[in-house]
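> Pasting the sequence and the predicted coordinates here, then a few questions.
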Amino acid sequence: MQNNSNNNEESELVFGHHSVVELLKSPTAGQRVNKVLVQKGLKSSHIGEVIELGKRSKLIVQEVPKAKLDEISNGGNHQGMAAYIAPYQYAELDDIFKAAKAKNEDPFILILDRIEDPHNLGSILRTADAVGVHGIIVPKHRSTGLTSVVAKTSTGAIEHVPVVRVTNLVNTIKDLKKENIWVFGTAMEGDNYRNWNAKGAIALVIGNEGKGVSPLVQKQVDQTLSIPMVGHVQSLNASVATGVLLYQAFASRHS
């Protein structure tokens, strides 16, 4: 997260071509974006696209030296563009069901139990968007939120996948079950993920990077899945494991 002491509203910085363009293309760009910055003297189709999108939403588009962009992005790959935005807004649980209904599909939900690394959350958002997940649920406590690092890593997917933040995952899962959502989780002794029938209204629970799914949440799971491994390391990065499982679900749901 980047903070700007001159303007309290400029609390989040998004930079890089994909992230900025997806942000400016979103329907809420006019309300959320405070200012767009482009590198002075840099001429490219990408810069032109950002300037055009900014003007279309009647946003302030300011030319700044490359050194300024280097500074505010902490030396990140800004590609000559950045945008200051209001903090990301979380969705409501009902927004997930609306997203599924709009596509005439059964709800496909991802529940992240205490994912702490913002890079993991950003990568998961990117994969979730790719496979058609209708929404992600995260807990308010002991979990990374929607930050500029998440936005950057998601390469724009944060604009398309609703993220709901809840106080109690166990109670939320119970509410989902009342809506006839079948809940899957991960466990070493679970069923082989390659046999997973992911058709219908489902939710997949992914656990913390080091501790996995918490015991209280695990008790709410209807069925557990495992990813077989033959190497010396018997665990996968959270975002990698999520990607493997989501693409199996995608294959099952679209077979």
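Everything's here; your move.
> So which residues make contact with the helix or strand hosting Gly48?
Using DSSP states H and E, Gly48 falls within helix 45-56. By Cβ atoms under 8 Å, 6 or more residues apart in numbering, the list of residues contacting helix 45-56 from outside reads 17, 20-21, 24-25, 29, 33, 36, 38-39, 60-61, 79-81. The way it works is simple: take the backbone N, C-alpha and C, and place the C-beta from them, glycine included.
> Go again with 6 Å.
Residues from elsewhere that reach helix 45-56 (Cβ atoms under 6 Å, 6 or more residues apart in numbering): His17, Val20, Leu24, Val36, Val38, Val61, Gly80, Met81.
> so Ala198, which of the three states?
Following DSSP: H, G, I helix; E, B strand; the rest coil, Ala198 is assigned to coil.
> residue contacts, it?
Applying Cβ under 6 Å, 6+ apart, we find Ala198 in contact with Ala249, Ser252, Arg253.
> circling back to that earlier point, buried ones in the helix holding Gly48?
Residues His46, Ile47, Glu49, Val50, Ile51, Leu53, Gly54 are the ones in helix 45-56 that count as buried (16 or more other Cβ atoms under 10 Å).
> and it, what's its mean pLDDT?
For helix 45-56, mean pLDDT rounds to 95.
> which stretches of this structure form strands?
12-15, 33-39, 61-64, 81-85, 108-112, 135-139, 163-166, 182-192, 202-206, 223-226 (DSSP state E).
> tell me, which helix in this protein spans the most residues?
If you go by DSSP state H, the chain has its longest helix at helix 238-253.
> circling back to that earlier point, and the buried residues of helix 45-56, which is closest to Val149?
Val149 lies nearest to Val50 out of the buried residues of helix 45-56, by Cβ to Cβ, at 20.5 Å.
> Find the nearest non-adjacent residue to the closest one, please.
Met81 (5.1 Å; Cβ to Cβ, 6 or more residues apart in numbering).
> which residues does the one you found bridge with?
Val38 (DSSP bridges).
> Around Asn237, count how many other residues there are.
Residues contacting Asn237 under the criterion other Cβ atoms under 10 Å number 13.
> any idea how far Ser148 is from it?
21 Å (Cβ to Cβ, to the nearest Å).
> Likewise for Ile137?
Between Ile137 and Ser148 the distance is 21 Å, computed by Cβ to Cβ.
> between these two, which one's more packed in?
Between Ile137 and Ser148, Ser148 has the larger neighbour count (other Cβ under 10 Å), namely 26 against 23.
> Okay, buried residues for the helix or strand of the chain with the lowest mean pLDDT please.
When the helices and strands of the chain are scored by mean pLDDT, DSSP states H and E, helix 29-32 comes last with a mean of 84. Neighbour counts using 16+ other Cβ under 10 Å place Ala29, Arg32 of helix 29-32 among the buried residues.
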